[in-house]
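Participant: sequence and predicted structure are below.
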Amino acid sequence: MAGQDTLLLVLDLAGIFVFAVTGGLVAVRRQFDMFGVLVLAGATGLGGGFLRDVLIDATPPAALADWRYLLVPVVAGVAAFAWHPAFARLERTVNVLDACGLGLFCVTGALKALDLGLGPAPAALMGMVTGIGGGMLRDVLASRVPVIFRGELYATPALAGAAIVVVGVHHVPLVLVALVGGGLCTSWRLLALWRHWQAPVPRGSASV
Amino acid sequence: MAGQDTLLLVLDLAGIFVFAVTGGLVAVRRQFDMFGVLVLAGATGLGGGFLRDVLIDATPPAALADWRYLLVPVVAGVAAFAWHPAFARLERTVNVLDACGLGLFCVTGALKALDLGLGPAPAALMGMVTGIGGGMLRDVLASRVPVIFRGELYATPALAGAAIVVVGVHHVPLVLVALVGGGLCTSWRLLALWRHWQAPVPRGSASV
Amino acid sequence: MAGQDTLLLVLDLAGIFVFAVTGGLVAVRRQFDMFGVLVLAGATGLGGGFLRDVLIDATPPAALADWRYLLVPVVAGVAAFAWHPAFARLERTVNVLDACGLGLFCVTGALKALDLGLGPAPAALMGMVTGIGGGMLRDVLASRVPVIFRGELYATPALAGAAIVVVGVHHVPLVLVALVGGGLCTSWRLLALWRHWQAPVPRGSASV
């Protein structure tokens, strides 16, 4: 249905916007100039989808064929550049929105990989990559260790959400499985932030 | 015409050579060994084109199908390895040549993206990516924040040059639009270096 | 023959396992959490093949179409996470196995590139990329300068092994050329480790 497609597009662009804002804020904190802020916003917002599309050969990436996918990160970058003090005060809100973007992307990434004929396990992995790829690219470009490798759970919820989609898609209506998968991912991520849940850390690694 | 193709090839290889020299010099400064100097020279010289070709699915990249595209960065790397004190003294010359390479790559990158059917905005973006991608890859591999995110204008001229090509290519003879686009990019970059023009920096970001 | 295919698969998976262990150990040393250890193990084990497949357009990469290619790095990552003190004591063994993986990957990478129609020089380069790509990706994600750019010879043996395969494949039985190419690469790497052979370093670069 056209209405459903429009809804998906709006959600996708909203996810890109939120991720792009987090990229822009990291750039501001590192004192990048206007251009650096825009690039980091774009890389964070679009990086996960790019990485997925390059790996599963769905090129050219959708983001290069639709101007809205380019406009949204630019707007997010300009917003981060101009209003970063406000965003910094709204850190909690940004985190909640970021968790929503994660839930959204792990679902759409897994569905796209299934569409292109990947098996269940790789499709779930691609869902996770779509969710976390932008943040990894952001941190590599900002020359810091990706935050998803330390700190509160981030990738595990994304993988779980994508796995639910992959398992359920042939048994349950699409909307339902998307809501359950994305909802689980988002709420798990928010709980992890709130309760400071972390993945286990290697024993004794500090002394190595 | 064969003459025009030859001219384009020579210009392309000249741009790769100059970029590769800058990569080799960064590697020398970081005390990489001979091999590291060669890799960083190659990644800087060819990275922008690789990135573009992978994104728009023009694979395998031209650089893998033509031995001259491999030979040129090797020669540049060996030259940087052997004569880096001379190059360091010629810093101004290297900067001028680098600006010429930037002007060249933003034009050829945009034209190639248009050839492959991308729309105007993504094609201009791909022109910019072709120009700046090698330098970004160089800095990521050297584990430092890409210099194009701070300091004098670099990407804005490349985007402007590519945009001129994209807009003008259907209205003006190719040679003319390439000269205007590339010339604007190169001269803007040189002016920025000379007058220390920088992109705006976020207000108050130092204190965040 | 089916037996030969099985042998190749087992060798390939063994190489991925060893590389993935080295990635997991770097992650443990940097105090990544469980997830970070798994990602770094996966990126190191599969990164070289991914890079090659994306560059020569053999996508989706084999690793996404065969669950064993995903399982092996996960097992290696879990092993590194759980038994890193033992692996640290076995550093010499890990280095020997890593050299064997390097010899294996430079051969299979070059053969795959030849299969896809690349010329001799690019095919040898792709063999080297397959061997060293995982380690480079590991170090970029861990935000450190790739170790292959400094220290004992690593990439040169891989390039030499791949070059032997590329030159010999049309003149000598496949098994023989693979053994000679891979064997040269592995033994050269081990000798370099043992005798501390390094690639030449630029003169006076420390003072630049």
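Facilitator: Perfect, I can see it now. Numbers count the residues shown, from 1 in each chain, chains lettered A, B, ... in the order given.

Participant: in chain A, which residue is closest to the centre?
Facilitator: Closest to where the C-alpha atoms of chain A average out (CA atoms, centre = their mean) is residue A:131, at 3.4 Å.

Participant: grab the nearest non-local neighbour of it.
Facilitator: In space, and not counting its chain neighbours, residue A:131 is closest to residue A:158: 3.8 Å by CB to CB, 6 or more residues apart in numbering or on different chains. C-beta here means a position set from N, CA and C on the backbone, and glycine is covered the same way.

Participant: now swap in residue A:76 and tell me
Facilitator: The shortest distance from residue A:76 to any non-neighbouring residue, by CB to CB, 6+ apart, is to residue A:20 (3.5 Å).

Participant: quick check: phi and psi at residue A:119.
Facilitator: The phi/psi pair for residue A:119 (degrees, to the nearest 10) reads phi -70, psi 170.

Participant: wait, doesn't it sit right on residue C:65?
Facilitator: Yes - using CB atoms under 8 Å, residue A:119 is in contact with residue C:65, at 7.1 Å.

Participant: where in chain A is pLDDT low?
Facilitator: The model of chain A has pLDDT under 70 over residues A:1-4, A:59-60, A:62-63, A:205-208.

Participant: hmm, try it at 80
Facilitator: Within chain A, the stretches with pLDDT under 80 are A:1-8, A:54-66, A:88, A:90-91, A:151, A:203-208.

Participant: how about the helices of it, start to end?
Facilitator: A:2-29, A:34-55, A:62-65, A:67-89, A:91-115, A:120-141, A:155-168, A:174-195 (DSSP state H).

Participant: next, count neighbours for the closest residue to residue A:41 other than its chain neighbours.
Facilitator: Distances taken as CB to CB, 6+ apart put residue A:77 closest to residue A:41, at 3.3 Å, once the chain neighbours are dropped. When neighbours are defined as other CB atoms under 10 Å in any protein chain shown, residue A:77 has 28 of them.

Participant: picking up where we left off before, any idea how far the residue nearest to the centre of chain A is from residue A:100?
Facilitator: 11 Å (CB to CB, to the nearest Å).

Participant: equivalent analysis for residue A:107, please.
Facilitator: Residue A:107 sits 11 Å away from residue A:100, going by CB to CB.

Participant: same check, this time on residue A:165
Facilitator: Distance, residue A:165 to residue A:100, by CB to CB: 16 Å.

Participant: of these two, who's got more company?
Facilitator: Neighbours were counted for residue A:165 and for residue A:100 using other CB under 10 Å; residue A:165 has more, 30 against 20.

Participant: hang on, the more buried one packs against residue A:110?
Facilitator: Yes - with contact defined as CB under 8 Å, residue A:165 and residue A:110 form a contacting pair (4.5 Å).

Participant: got any residues that touch both of these two?
Facilitator: Common contacts of residue A:165 and residue A:110 (CB atoms under 8 Å, 6 or more residues apart in numbering or on different chains): A:124, A:127, A:181.

Participant: hmm, the first one is touching residue A:109, no?
Facilitator: Okay, so that is residue A:124. No - counting by CB under 8 Å, residue A:124 does not reach residue A:109; the two are 9.3 Å apart.

Participant: so between those two, which is more surrounded?
Facilitator: Comparing residue A:124 with residue A:109 by other CB under 10 Å, the one with more neighbours is residue A:109, at 31 against 28.

Participant: now do the contacts for the closest residue to the more buried one other than its chain neighbours.
Facilitator: Excluding the flanking residues, the one nearest residue A:109 by CB to CB, 6+ apart is residue A:130, at 2.6 Å. Applying CB under 8 Å, 6+ apart to residue A:130 gives the contacts A:48, A:49, A:51, A:52, A:105, A:106, A:108, A:109, A:110, A:112.

Participant: do that again at 7 Å, thanks
Facilitator: Contact analysis of residue A:130 by CB atoms under 7 Å, 6 or more residues apart in numbering or on different chains lists A:48, A:49, A:52, A:105, A:106, A:108, A:109.

Participant: tell me the one of those residues nearest chain B?
Facilitator: residue A:49 (11.7 Å; CB to the nearest CB).

Participant: that closest one: neighbouring residues, count only.
Facilitator: When neighbours are defined as other CB under 10 Å, residue A:49 has 26 of them.

Participant: for chain B, give me its nearest residue in chain A.
Facilitator: Per CB to the nearest CB, residue A:36 is where chain A lies closest to chain B, at 3.0 Å.

Participant: okay but that residue is in contact with residue B:149, surely?
Facilitator: Yes - between residue A:36 and residue B:149 a contact is recorded at 3.0 Å, counting by CB atoms under 7 Å.

Participant: and stretch A:184-193, what's buried?
Facilitator: Neighbour-count burial for stretch A:184-193, with 16 or more other CB atoms under 10 Å in any protein chain shown as criterion, is recorded at A:184, A:185, A:186, A:188, A:189, A:190, A:192, A:193.

Participant: for chain A, what lies in contact range of chain B?
Facilitator: Applying CB under 7 Å from any CB of the partner chain, we find that chain A lies next to chain B at A:28-37, A:39, A:54, A:59-61, A:64-65, A:67, A:70, A:81, A:84-85, A:88, A:140-143.

Participant: show me which of these neighbour chain C.
Facilitator: Checking those against chain C by CB under 7 Å from any CB, the ones in range are A:54, A:140, A:143.

Participant: circling back to that earlier point, just the buried ones out of the residues of chain A next to chain B, please.
Facilitator: Listed as buried from these are A:28, A:30-37, A:39, A:54, A:59-61, A:64, A:70, A:81, A:84, A:140-143; burial here means 16+ other CB under 10 Å.

Participant: coming back round to it: reformat the buried residues of stretch A:184-193 as CSV; add distance to residue A:177.
Facilitator: Listed next are those as CSV, based on distance: CB to CB, whole Å:
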residue, distance to residue A:177
A:184, 11
A:185, 12
A:186, 15
A:188, 16
A:189, 19
A:190, 20
A:192, 22
A:193, 25
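
Participant: next, count neighbours for residue A:40.
Facilitator: For residue A:40, using other CB under 10 Å, the count is 31.

Participant: contacts only, for the nearest residue to it once chain neighbours are set aside.
Facilitator: Spatial nearest neighbour of residue A:40, chain neighbours left out: residue A:27 (3.9 Å); criterion: CB to CB, 6+ apart. For residue A:27, the contacting residues are A:36, A:37, A:40, by CB under 7 Å, 6+ apart.

Participant: please name the nearest non-neighbouring residue to the second one.
Facilitator: By that I understand residue A:37. Nearest in space to residue A:37, with sequence neighbours left out and distances taken as CB to CB, 6+ apart, is residue A:27 at 4.3 Å.

Participant: for residue B:201, see how far away the one you found is.
Facilitator: In this structure, residue A:27 and residue B:201 are 11 Å apart, going by CB to CB.

Participant: still on that earlier bit, from the buried residues of stretch A:184-193, pick the one nearest residue A:176.
Facilitator: Distance to residue A:176 across the buried residues of stretch A:184-193 (CB to CB) is lowest for residue A:184, with 12.4 Å.

Participant: and the residue nearest to the closest one when sequence neighbours are not counted, how many neighbours?
Facilitator: Of all residues not flanking residue A:184 in the chain, residue A:161 sits nearest, at 5.4 Å (CB to CB, 6+ apart). Residues lying near residue A:161 (other CB under 10 Å) number 33.

Participant: repeat for residue A:71
Facilitator: Residues lying near residue A:71 (other CB under 10 Å) number 12.

Participant: quick one, what contacts it?
Facilitator: Applying CB under 7 Å, 6+ apart, no residues contact residue A:71.

Participant: how about residue A:128, what does it touch?
Facilitator: Contacts of residue A:128 by CB under 7 Å, 6+ apart are A:106, A:155, A:158, A:159, A:162.
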